[in-house]
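Undergrad: pasting the sequence and the predicted model now:
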Amino acid sequence: MFIQITKEKFIRQKDIIGIFDLDTSTVSGVTKIFLSRAEKSKKTVGINTLPKSFILADADKDYRIYFSSNMTGHIYKSGLG
């Protein structure tokens, strides 16, 4: 099954490790460092609008971070709930 995270982007449900709200998860300095390192390593997939959440996904024995303008609850309900 595929989960829609943006208008154009779908990822496989089995690849999702976690779905995180940007407002609450970036309060921690550890998360900010993690996202910064992922961006420097080109492991992030951005969007053209203000992101509200990010999805951590398995990508062939590595990881990828997808930013989404959808709220975490919307992503969860669209395919996981």
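TA: Yep, that arrived.
Undergrad: what sits against the residue positioned nearest the centre of the chain?
TA: Note on the chain: the residue nearest the mean C-alpha position is I55, at 1.8 Å, using Cα atoms, centre = their mean. The contact partners of I55, by Cβ atoms under 8 Å, 6 or more residues apart in numbering, come to 5, 11, 16, 18-20, 65-66, 68, 75. C-beta coordinates here come from the backbone N, C-alpha and C atoms, glycine included.
Undergrad: try 7 Å
TA: 5, 11, 16, 19, 66, 68, 75 (Cβ atoms under 7 Å, 6 or more residues apart in numbering).
Undergrad: so it: helix, strand or coil?
TA: Here I55 is strand, with the state taken from DSSP: H, G, I helix; E, B strand; the rest coil.
Undergrad: all strands of this protein, in order?
TA: 2-4, 10-12, 16-21, 44-45, 53-58, 63-68 (DSSP state E).
Undergrad: quick revisit: S68 versus the residue nearest to the centre of the chain, what's the distance?
TA: Applying Cβ to Cβ, to the nearest Å, the value for I55 to S68 is 6 Å.
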